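Asker: how would this look folded up:
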Amino acid sequence: MTGKNGMEEPAVKKDLSAAYAYIDEIREETLGLYREFVNRESWSKTPDKVRIFSDFLKAEMEKAGFECRYVPVGVNADTLVGVLGKDRPGKPILFCGHMDTVFPTGMHPENPFKIVDGKAYGPGVLDMKGGILIALTTVKALNRIGYDERPIKFCFSGDEEINHTGSQGAEVMEAEAKGCLCAFNMETGMIDNYLCTGRKGCLRYTVEVDGVETHSGNDFQGGRSAIAEMAYKIIDFHNMTDLSIGNTCNIGTISGGTVPNAVPAHCEVVLDMRYTTLSGKEKLLARLDEICKKTYIDGTSTKYAFLNKLDVFETTDEGMRFFEYVRGIAKEYGLPEVNGRPLGGGSDAASTTMAGVPTICSCGVRGQWNHTMKEYAVVDSIFDRSKMYVAAVANSDQFAQK
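Answerer: Numbering: from 1, shown residues only. Next comes the predicted model:
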C-alpha cells in the first residue's frame, strides 16, 4: 500500500487469534471428520465409490456455505466444484486436488482409519484426503471470523490418480481455475514441510510389437520374435533418458509370448516418460516415433498409442512470487517454517498453472509413503497448515496488490 508521501507502507498484520483458537477448539471434530473421509474408500477405478465419498464431501462443503455442482468428465468419477461467497469482490482463491485414491477397495481392513503416536493411517490418509480436510478446516476458521473479502473456490477431481485416463478431468481443472487469484493444490505434503514449486510432466504410452508365431523347435527360422524386437527397442527407450534436461523414460511393464516353445507373436510395454519443459516433451515424443518406426527384425511391426498424461507444472515467476508470499506469511505469524522445491511426480497443479494462475503444490497434510500400505500423515500438520492458509487468505490483498 502506498502512503501520502508516495512511500510503500507496511501491510497491517491481521489479528487471527480467534480463527486459530477455533481451529484448536474443533480438533476432535476435525479428526472425526478425517475418519469419515478415509473410511469412505474411493479407488479411482470404482466411480461409484468415489461418488459415495464426493457426496459426503459435498454435504460438508454445503454446511460451510458452498454452492456445489458436479462437472462430468467422461467415463470416470465427476469433478466436484464449490464456490463460497460468489458475490464477494475480487478474484477467487482456489483450493484444488483430487478425491480418488490408489488402493483397490478392500485392500485395507474395514474402517481402516487409525491414529498411532501422532500419525494417521488408512487409504488416502496422506494422498490426499488430509489435504481436502485442511482446505475445509481453513474455510471453517475463516467463516468463524467473518471473512468476506474474496470468493473461495474448491475443485476436486475424481480421477487424478489414473492421470485422467479417458476423461476430460485435466481440462475441467484448467477451465475451473481460470480467473482465480492463486491456487493451493492440496496434494501430499512433504515430511520436511517443503512446498512444491514445480513438477515434471508425465506421458504414458503403450508400445506393441507383432511378429510371426511358430514352433521354436520345428520352425524356428520361420518365426519372427516380437519379444526379441521389443528387446532391441527397450534399450533405445531406456536411452531416451537425458538427465541434463530432466527427461526420463521408464519401461514400467512388459508382457508377451504364450509358451516357452513358441516364437512369440506379440509383446507389449508401457512407457512412463517424464519431462520438465514443453521442449523436453516434444523431444521425447519425436524420439518415441523414431524408435517405433525402426525395425530390427524383418517381418515384425510396431505401433504405439497414447495412454494418459499429467502435463508439466512449470516453475513460473508468478508462482514463485506466490510461494514467497506464503512463506513470508508463515514466518510473520510464527508458524512452522516452509521452504520450496520442485518434484518429479505429476499433479493437477499443471492444469491450474496452464490456466495462468500462480500455484503452489504439496499443500496437504505432511507425511510419507503415499501409494503404499505404510502411508501415514502427521496429525499436527493438519492444524499448522490450516492456520497458515487462513493467514494467507485473510491477507491475500498483500499478494494481489504487488
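
Asker: gap between the one helix or strand A59 maps to and the chain center?
Answerer: Here A59, judged by DSSP states H and E, is contained in helix 47-63. Offset of helix 47-63 from its chain centre (C-alpha atoms, centre = their mean, to the nearest Å): 19 Å.

Asker: Average pLDDT for it, rounded please.
Answerer: Averaged across helix 47-63, the pLDDT comes to 98.

Asker: mind checking how far the helix or strand following it is from the chain centre?
Answerer: Note on helix 47-63: by DSSP H and E, the next helix or strand toward the C-terminus is strand 67-71. Centroid separation between strand 67-71 and its chain, computed with C-alpha atoms, centre = their mean, is 20 Å.

Asker: Please shift the residue numbers so they start at 21 in all later answers.
Answerer: Taking 21 as the first residue, the last one we looked at is strand 87-91.

Asker: Let me know the angle separating strand 87-91 from helix 67-83.
Answerer: 160 degrees (axes from the mean of the first three to the mean of the last three C-alpha atoms, to 10 degrees).

Asker: what helices or strands is strand 87-91 leaning on?
Answerer: helix 67-83, strand 99-104 (3 or more C-beta pairs under 8 Å, 6 or more residues apart in numbering; DSSP states H and E). Heads up, the C-betas are built off the backbone N, CA and C, glycines and all.

Asker: for the first one, which positions count as buried?
Answerer: Neighbour counts using 16 or more other C-beta atoms under 10 Å place P67, K69, V70, R71, F73, S74, F76, L77, K78, E80, M81 of helix 67-83 among the buried residues.

Asker: G52: which of the residues you listed is nearest?
Answerer: Among those, E80 lies closest to G52 (C-beta to C-beta), at 11.6 Å.

Asker: residue contacts, that closest one?
Answerer: L53, L156 (C-beta atoms under 8 Å, 6 or more residues apart in numbering).

Asker: Report the central residue of the protein.
Answerer: S367 (3.0 Å; C-alpha atoms, centre = their mean).

Asker: Give me the angle between the helix holding A79 and strand 99-104.
Answerer: Orientation check (the same axes, to 10 degrees): helix 67-83 against strand 99-104 gives 0 degrees.

Asker: buried set for the host helix or strand of V413?
Answerer: If you go by DSSP H and E, V413 is part of helix 399-414. For helix 399-414, the neighbour count (16+ other C-beta under 10 Å) marks 399, 401-414 as buried.

Asker: One more: stretch 181-200?
Answerer: Neighbour-count burial for stretch 181-200 [16+ other C-beta under 10 Å]: 181-185, 187-190, 192-197, 200.

Asker: any idea of the mean pLDDT for it?
Answerer: Here the average pLDDT along stretch 181-200 is 95.

Asker: Now do it: distance from first to last residue.
Answerer: End-to-end distance of stretch 181-200 (C-alpha to C-alpha, to the nearest Å): 24 Å.

Asker: The residue lying closest to Y353 once chain neighbours are set aside: what's it in contact with?
Answerer: Distance criterion C-beta to C-beta, 6 or more residues apart in numbering; nearest residue to Y353, sequence neighbours excluded, is A411 at 4.8 Å. Counting by C-beta under 8 Å, 6+ apart, A411 touches K34, L36, I349, A350, E352, Y353, L355.

Asker: Ok, I165 next?
Answerer: So I165 contacts L36, A38, A39, Y42, A414 (C-beta under 8 Å, 6+ apart).
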